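**Q** Fold the following, please.
(one chain, ligands or ions: 2)
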Amino acid sequence: MSGDGLPEQFDVVVHPASSLNGALRAQPSKNYTTRYLLAAALAPGETRVVGVATSEDAGAMLRCLRDWGAGVELVDEDAVIRGFGASPRAGVTLNPGNAGAVARFLMGVAALTTGTTFVTDYADSLGKRPQGDLLDALERLGAQVGSNAGKLPVTISGPVRGGVVEVSAEKSSQYASALMFLAPLLPAGLDLRLTGDIKSHAPLRQTLDTLAAFGVRASASDDLSRITIPGGQVYQAGRVLVPGDYPGSAAILSAAALLPGEVRLSNLREHDLQGEREAVNVLRDMGADIVRQGDTLVVRGGRPLRAVTRDGDSFTDAVQALSAAAAFAAGQTTWQNVSTLRLKECDRISDTRRELERLGLTAFETQGSLSVMGTAELAGGLTADGHGDHRMIMLLTLLGLRAAAPITITGAHHVRKSYPLFFRHLEALGARFDYLPTDTQSD
Ligand SMILES: O=C(O)C1=C[C@@H](OP(=O)(O)O)[C@@H](O)[C@H](O)C1
Ligand SMILES: C=C(OP(=O)(O)O)C(=O)O
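**A** Ligands and ions are numbered 1, 2, ... in the order given. Got it, this is the predicted structure:
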């Protein structure tokens, strides 16, 4: 789907770059693509999702929705979805690939069916991520649930009526979002009580925003601990436009800040609910020169950077991209309140610390924080492990661009999970990569 023209599986050699220059259009948002596609399938009738992401996660959502009975047609850069409304097909096995949000949102909606099974071919990534808090909530609502100790494979059978239900939001906001997509289609709706130290508020607001875009009524307390969605509603089909992607763009902005030159990144609206929008301010606090001109951000790179200490929970998917900036900022940068990073495609605290150390950097971790000491010079000349994690691959790529000698990253094709054109976009700015095809059997 990505059309990047690169080998199916590859390691990448990142060559040091002396500058980055040029203009790019930010790719479509991952979080809005998954949400709009799902809401479109839940709406009877035809919805046009304008400018959908071409990532593996977007492909995973489209595949699962088609398997559940939605009509899916790709027309130029849009997806035209004929929804199944409140009636996804029963008895289907869905494979959401390595997409956490896709898997969890669909698990919520699966309570509308009399049986859906979820499997993954990413046993070492999505297969290890916890689903128990969502499954417990579904069970409390009356669904029948089976799982491998709270992990995939999972089976879910409804129907459920709805009502008041608690769901923990401590490990992931995706469990609550999943129930929010389900709620309007239940006879009694849902009065959700989010328990624990609620993480990732921003994606929850994106879910509320999506429900509103499809004409679904919902109300929420300011702190999001209580979300009420009346039942018996119908998602309204129509036309929605996917905005630009801040998490992926954070990597481009960090790269542009790290190297001399001028980079213009368009399609990033100023008023947007994506928490990773904050990456712009974090980079500015570090000393980067970033100016907004409407929906375009202009970065004049190569300025000296200084360390910051920030609560990273509001921009969780930008923490790794910003860690590349931290690696060359004077002093020690600390990202606090990021324990959920341990539960992503890899352990983004320990695995990141280890990769940074492997490359000669100094980093520290606690259960809920990651610290990176800045350095003036990075030798490079080594191979780093991409950990099958798109955001780790982007971080390591940025380090390679600023190193003295090339850095090789293993399994670099996994960048396609969220940002299939990442390397192509950097090439357009003047970066140079070698792509080394790897054995498709060995991953
Ligand atoms: O709702 C979503 O689309 C997402 C929520 C976040 O996950 P957590 O809520 O697990 O932090 C984020 O990291 C993920 O990439 C996408
Ligand atoms: C963690 C991520 O995605 P997901 O949870 O949807 O797999 C991400 O995009 O960084």
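**Q** so, in contact with ligand 2 or not, the strand or helix carrying Leu399?
**A** Per DSSP states H and E, Leu399 falls inside helix 390-402. Yes: against ligand 2, helix 390-402 shows contacts by CB under 6 Å from any ligand atom at Arg391. From N, CA and C alone the C-beta is placed, and that goes for glycine too.
**Q** what packs against that helix?
**A** Using 3 or more CB pairs under 8 Å, 6 or more residues apart in numbering; DSSP states H and E, the elements in contact with helix 390-402 are strand 10-14, helix 246-258, helix 319-326, helix 350-358, strand 407-410, helix 422-428.
**Q** of all these, which lies closest to Val154?
**A** helix 350-358 (24.9 Å; CB to CB).
**Q** Convert the closest one to PDB, retaining C-alpha atoms only.
**A** Provided in PDB are the C-alpha atoms of helix 350-358 (Å, rounded to 0.1, in the frame of the first residue of the first chain):
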ATOM      1  CA  SER A 350      14.700   0.300  28.400                       C
ATOM      2  CA  ASP A 351      15.300  -0.600  24.800                       C
ATOM      3  CA  THR A 352      15.900   3.100  23.900                       C
ATOM      4  CA  ARG A 353      18.300   3.500  26.800                       C
ATOM      5  CA  ARG A 354      20.200   0.400  25.600                       C
ATOM      6  CA  GLU A 355      20.400   1.500  21.900                       C
ATOM      7  CA  LEU A 356      21.600   5.000  23.000                       C
ATOM      8  CA  GLU A 357      24.300   3.400  25.100                       C
ATOM      9  CA  ARG A 358      25.300   1.100  22.300                       C
END
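**Q** Now the helix or strand that it is followed by: buried residues?
**A** Note on helix 350-358: by DSSP H and E, the next helix or strand toward the C-terminus is strand 362-366. Across strand 362-366, burial judged by 16 or more other CB atoms under 10 Å covers Ala363, Glu365.
**Q** can you check stretch 234-244 too?
**A** Val234, Tyr235, Ala237, Val240, Val242, Pro243, Gly244.
**Q** Please apply the same query to stretch 248-261.
**A** Going by 16+ other CB under 10 Å, stretch 248-261 has these buried residues: 248-259, 261.
**Q** go on, stretch 270-278?
**A** Neighbour-count burial for stretch 270-278 flags Asp272, Leu273, Gln274, Gly275, Glu276, Arg277, Glu278 (criterion: 16+ other CB under 10 Å).
**Q** Greatest separation within those: which pair is it?
**A** Pairwise distances across the buried residues of stretch 270-278 peak at 11.5 Å for Leu273 and Glu278 (criterion: CB to CB).
**Q** returning to that earlier point: could I get the helices and strands packed on helix 390-402 as CSV with mean pLDDT and distance to Gly100?
**A** Compiled in CSV, the helices and strands packed on helix 390-402 are given as follows (pLDDT from 0 to 100; distance: least, CB to CB, whole Å):
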stretch, mean pLDDT, distance to Gly100
strand 10-14, 98, 24
helix 246-258, 98, 13
helix 319-326, 98, 15
helix 350-358, 98, 16
strand 407-410, 98, 22
helix 422-428, 98, 19
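**Q** Relative to Ala70, which of the ones you listed is closest?
**A** Across the helices and strands packed on helix 390-402, closest to Ala70 is helix 246-258 (CB to CB), at 25.8 Å.
**Q** tell me which strands and helices the closest one is in contact with?
**A** Here helix 246-258 touches helix 30-42, strand 261-266, helix 278-286, strand 289-293, strand 296-301, helix 319-326, helix 390-402, helix 422-428, going by 3+ CB pairs under 8 Å, 6+ apart.
**Q** 7 Å instead?
**A** On a contact count with 3 or more CB pairs under 7 Å, 6 or more residues apart in numbering; DSSP states H and E, helix 246-258 meets strand 261-266, helix 278-286, strand 296-301, helix 319-326, helix 390-402.
**Q** Where does the prediction get shaky in the stretch 301-443 of the chain?
**A** Across the stretch 301-443 of the chain, the ranges flagged by pLDDT under 70 are 440-443.
**Q** All set, thanks.
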